[in-house]
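>>> prediction below, plus the sequence it came from.
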Amino acid sequence: MKLWRTPFDQAEKATKPTKVLIDKERCKGCGYCVEFCPRGVLEMSEELSPKGYTLAVVADESKCLGCGLCDVLCPEFAIHLEPSNNDN
């Protein structure tokens, strides 16, 4: 659907490219981020953390909307989002 006009705050409200960062030291492999990601960006890997837990990893960063749900849901504060510097 093509709109004939755009909202005044479109640039402010548009999703910006983000990078999902997972701290391997903090991740305990609970899987909440993987289960509730609306776009399926994260998945559980076979890699083990230094403490012996399976880790969540970014499967396809291009699908990420930057909603921050994974960041909010992580009980160990192991995930945070950073703005991606894409100069396209």
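The structure has been received and is ready for your questions. Numbering: from 1, shown residues only.
>>> what segments of the protein are helices?
Secondary structure of the chain (DSSP state H): helices located at 10-13, 32-36, 69-73.
>>> now these as a markdown table including distance to residue 63?
In short, each C-beta sits where N, CA and C put it, glycine included. Listed next are the helices of the chain as a markdown table, based on distance: least, C-beta to C-beta, whole Å:
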| stretch | distance to residue 63 |
| --- | --- |
| helix 10-13 | 20 |
| helix 32-36 | 13 |
| helix 69-73 | 12 |
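>>> looking at these, which is nearest to residue 52?
Closest of those to residue 52 is helix 32-36, at 18.3 Å (criterion: C-beta to C-beta).
>>> for the record, mean pLDDT for the closest one?
For helix 32-36, the mean per-residue pLDDT is 95.
>>> do the same with stretch 76-88
pLDDT averaged over stretch 76-88 gives 80.
>>> what are the contacting residues of it?
Applying C-beta atoms under 8 Å, 6 or more residues apart in numbering, the set of residues contacting stretch 76-88 from outside is 16-23, 25-28, 30, 33, 56, 66, 68, 70-71.
>>> for that stretch, which residues meet the burial criterion?
The neighbour-count check on stretch 76-88 (16 or more other C-beta atoms under 10 Å) flags 78-79, 81 as buried.
>>> kindly report the same for stretch 13-21.
Applying 16+ other C-beta under 10 Å to stretch 13-21 flags 18, 20 as buried.
>>> same check, this time on stretch 2-16
If you call a residue buried by 16+ other C-beta under 10 Å, then stretch 2-16 has no buried ones at all.
>>> pull up the distance across that stretch, start to finish.
Taking C-alpha to C-alpha, to the nearest Å as the measure, stretch 2-16 stretches 21 Å from start to finish.
>>> ok, stretch 13-29 next?
End-to-end distance (C-alpha to C-alpha), stretch 13-29: 32 Å.
>>> what sits opposite the residue nearest the centre of the chain in the beta ladder?
The residue lying closest to the centre of the chain (C-alpha atoms, centre = their mean) is residue 20, at 4.4 Å. Beta-bridge pairing of residue 20 under DSSP bridges involves residue 81.
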